[in-house]
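K.L.:
Test case, fold it:
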Amino acid sequence: MTKTENEKMEVTNETEIEAGTKTGIDTVAADEKPLEEVKEKVTEETKEEVKNELLIQFSVEVPKETIDIAFDEALVKYAHEIKLPGFRQGKIPLEVMRERFKDAIKDEVVEKALQKAVFDKIDKDKIKIASQPSIEKMDFDEGSNLKAEVAVEIFPTVELPELETIVAEIPASELIIPEYDEEKQIDMLLEGNKKQSPVMGRGIQENDYVSLKYQAKILQTKKMTPQKQTYFLVNEKDEFEIMDLYKDILGKSKDDHFTVVRTYPEDYKKKQWAGKEIEFFITIINIMEMVKPEFNEAFLKSIGMEDEATFKTKWKEEYENYHRNAIEEKKINYILNQLVTSISFPVPRAMVEEEAEHIFSHYQQQYHFSDDMRNPVIMEPMKKEAEKSIRLSLIMDAIKKKFELDIKSDELENEYKKVSEANKIPLAEVRKYFMGKEQSLQLKERLMKAKVYGLLKEKVKVSEIEASPLPETNEEKK
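P.N.:
I've put the predicted structure just below:
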């Protein structure tokens, strides 16, 4: 129904009745093409036809009497809620409502009745849906029952092989703990604990941190900008708003004053500088460098170690534990990859599309992707990544079901105690924290993942293989 400005229904909660209200199922209007025609069009455009094995179809029917009752109830409801010029709120005659808003109310009633019928059918037949139901075709004439043809994707049946028959091959070289180099590991620790220290007796060098203040003068207008103070990492690859400052700042000392002139391109990101010639008046305030600490008693105490001998023993143990854990993680990754490649079943396309959008959104936030990059070249690899992720998730669910894995209350309590001891937090506070729905769910998911991984490492065979030698290059052959 098309409403003029005078016909608009103003509801008390400032919502409006609109034809085709969203109700959780996708519909097509009577004059739109049904699903099969849309599929044919997509097939012609993509030049390929792939059957969706998980797409099922069913019919629903809603008696005319049910629609009539729901329509009358909605008519009364909106007659009390809306504001209409010339009538007091709640006193609009039903005949006026019927005349003015019949089509809009009927559309809403039909949508809601259809949604209920579809999901009642899904619940009754225990259909495990993996997508929102889509209405292929809908018939509803005055005086007749409401009939509709529905299409929906379902979850696949994942048939697990005997896990003991699966072999995951991993290069033997990836299962070796690298030889411990004490001097190198200590140096890496010191590098990780570098701190800024004032530079004394020399000029600015590569990778120094420089505190400076500057004022810019736009030469075309003679306008001076306010003075600004900022930090500059002296690195040729790092961008800075004063273009090419790197080459002019090397060798300068604290309290030095100097000027540089830069001409900015027309498309420069800072609009007020774009296409302008600018003179910068710069003052060096401070120069800092990153300095490694001395490996001495003071440093050892700062990281909680009593003496050098204790540190060296514990540091080697941590090194070996780290690499042992890394090897176990590699094993489980090879096992998971083997499961994904060896267990075949269709993956719901709607789930793949949704997961691919999540992946794109993540990259969009992290790398500032624009919406224009949502194209096949970018999205296809993301869809493959999404399909692999969903496939693995469905396999994990099948393993949990087959082996009846669950997280028991005593396992949760043991985890609470571990968290309490590791973080020196009272046990009661830890229990209270994990009473939160989200925190509790995350903990159970983590414990369940560990349980499934433990089962897989126990049952799936990991076979060490020698890496294939690289082919000789032409130079080596000569």
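K.L.:
now what about stretch 237-257, what contacts it?
P.N.:
Residues outside stretch 237-257 that contact it (Cβ atoms under 8 Å, 6 or more residues apart in numbering) are 199, 202-206, 210, 214, 232, 234-236, 258, 260, 262, 264, 270, 273, 280-287. In short, each C-beta sits where N, CA and C put it, glycine included.
K.L.:
where exactly do the helices run in the stretch 301-450 of the chain?
P.N.:
308-342, 349-367, 376-402, 409-423, 427-433, 437-459 (DSSP state H, counting those that start in this stretch).
K.L.:
what about the nearest residue to residue 331 once chain neighbours are set aside, distance to residue 190?
P.N.:
Spatial nearest neighbour of residue 331, excluding adjacent residues (Cβ to Cβ, 6 or more residues apart in numbering): residue 462 at 5.3 Å. Between residue 462 and residue 190 the computed distance is 37 Å (Cβ to Cβ, to the nearest Å).
K.L.:
Comparing those two, which residue is more hemmed in?
P.N.:
Using other Cβ atoms under 10 Å as the criterion, residue 462 and residue 190 rank with residue 462 on top: 18 against 15.
K.L.:
need the contact list for that one.
P.N.:
167, 168, 169, 170, 331, 334, 335.
K.L.:
Just name the closest of the residues you listed to residue 115, please.
P.N.:
Residue 115 lies nearest to residue 335 out of these, by Cβ to Cβ, at 42.6 Å.
K.L.:
Residue 369 contacts residue 362, correct?
P.N.:
No. Contact criterion Cβ atoms under 8 Å: residue 369 and residue 362 do not qualify, at 9.5 Å.
K.L.:
Just want to know which of these two has more residues nearby.
P.N.:
A direct count of neighbours by other Cβ under 10 Å for residue 369 and residue 362 places residue 369 higher, at 15 against 12.
K.L.:
any idea how far residue 373 is from residue 387?
P.N.:
Distance from residue 373 to residue 387, by Cβ to Cβ: 20 Å.
K.L.:
again, but for residue 235
P.N.:
40 Å.
K.L.:
who has more neighbours, those two?
P.N.:
residue 387 (18 against 12).
K.L.:
Contacts only, for the more buried one.
P.N.:
Applying Cβ under 8 Å, 6+ apart, the residues near residue 387 are 347, 352, 355.
K.L.:
What is the nearest of those residues to residue 430?
P.N.:
Looking across these and measuring by Cβ to Cβ, the closest to residue 430 is residue 355, at 32.9 Å.
K.L.:
correct me, but the closest one touches residue 390?
P.N.:
Yes. Contact criterion Cβ under 8 Å: residue 355 and residue 390 qualify, at 5.9 Å.
K.L.:
what about the strands in the stretch 1-150 of the chain?
P.N.:
For the stretch 1-150 of the chain, the strands defined by DSSP state E, counting those that start in this stretch occupy 55-62, 134-139, 146-153.
K.L.:
how about low-confidence regions in the stretch 201-350 of the chain?
P.N.:
By pLDDT under 70, the stretch 201-350 of the chain has no low-scoring segment.
K.L.:
got the contact list for residue 312?
P.N.:
By Cβ under 8 Å, 6+ apart, the contact set of residue 312 is residue 182.
K.L.:
Tell me the spacing between it and residue 177.
P.N.:
17 Å.
K.L.:
and if you look at residue 230?
P.N.:
According to Cβ to Cβ, residue 230 stands 46 Å off from residue 177.
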